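*Asks:* Structure of the sequence below:
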Amino acid sequence: MRKFVLPLLAVAAFGAAATPALANETRAEARAGVIWGGGDSEAITGIAGGYDFDLGPALFSGVEVSADKILTSNTKVGWGFTGRLGTHLATTKVYAAGGYTTEFCDVCDGHWHAGVGAELPLGPMLYGKAEYRHYFADRNADADAVMAGVGVKF
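*Replies:* Predicted structure coming up:
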């Protein structure tokens, strides 16, 4: 737990002096990447929607619902429910995230997940996103994913 909290506090302290960016916004995105664990790696793709709330001039929190699909046979859509906490570094959002994802296959368990990410502006309403996520498994091997996405905020 300490290895997640200390970096988040460092980012928050640095962000206290950063120029604020707009939060209190709804967002929707498409994303794709790779997921690996247990000696295998596969492509993964999905969509997500969420809302971010300002917590002051430099901090924000948010919620997200996602639908991700590992692109191999015998898998299904994993539904993710994620909270995030981050800071504005000029116009870039940097955040830590955590939540729960339902099972990706019939013989899999759902997973708690934690990760970090960043959103960069691509225009007035568009953003690019990169995120790392670790999935904590009970019966199966833990998994990791790196995804990149493009979204719109409104």
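*Asks:* My guess is residue 84 contacts residue 94. True?
*Replies:* No. Using C-beta atoms under 8 Å, residue 84 makes no contact with residue 94, being 10.3 Å away. Backbone N, C-alpha and C define where each C-beta goes, glycine included.
*Asks:* Tell me the helix or strand right after the longest strand seen in the chain.
*Replies:* In the chain, with assignment by DSSP state E, the single longest strand is strand 40-54. Reading on from strand 40-54 to the C-terminus, the next helix or strand found by DSSP states H and E is strand 59-70.
*Asks:* Sort out which residues of that following strand are buried, please.
*Replies:* 59, 60, 62, 64, 66, 68, 70 (16 or more other C-beta atoms under 10 Å).
*Asks:* ok so, going back, give me the contacts around the longest strand of the chain.
*Replies:* Residues outside strand 40-54 that contact it (C-beta atoms under 8 Å, 6 or more residues apart in numbering): 23-36, 60-72, 77, 80, 82, 84, 93, 145, 147, 149, 151.
*Asks:* pLDDT on that strand, on average?
*Replies:* Summarised as a single mean, pLDDT over strand 40-54 is 96.
*Asks:* again with stretch 97-104
*Replies:* Averaging pLDDT along stretch 97-104 yields 95.
*Asks:* Equivalent analysis for stretch 147-154, please.
*Replies:* Stretch 147-154 shows a mean pLDDT of 97.
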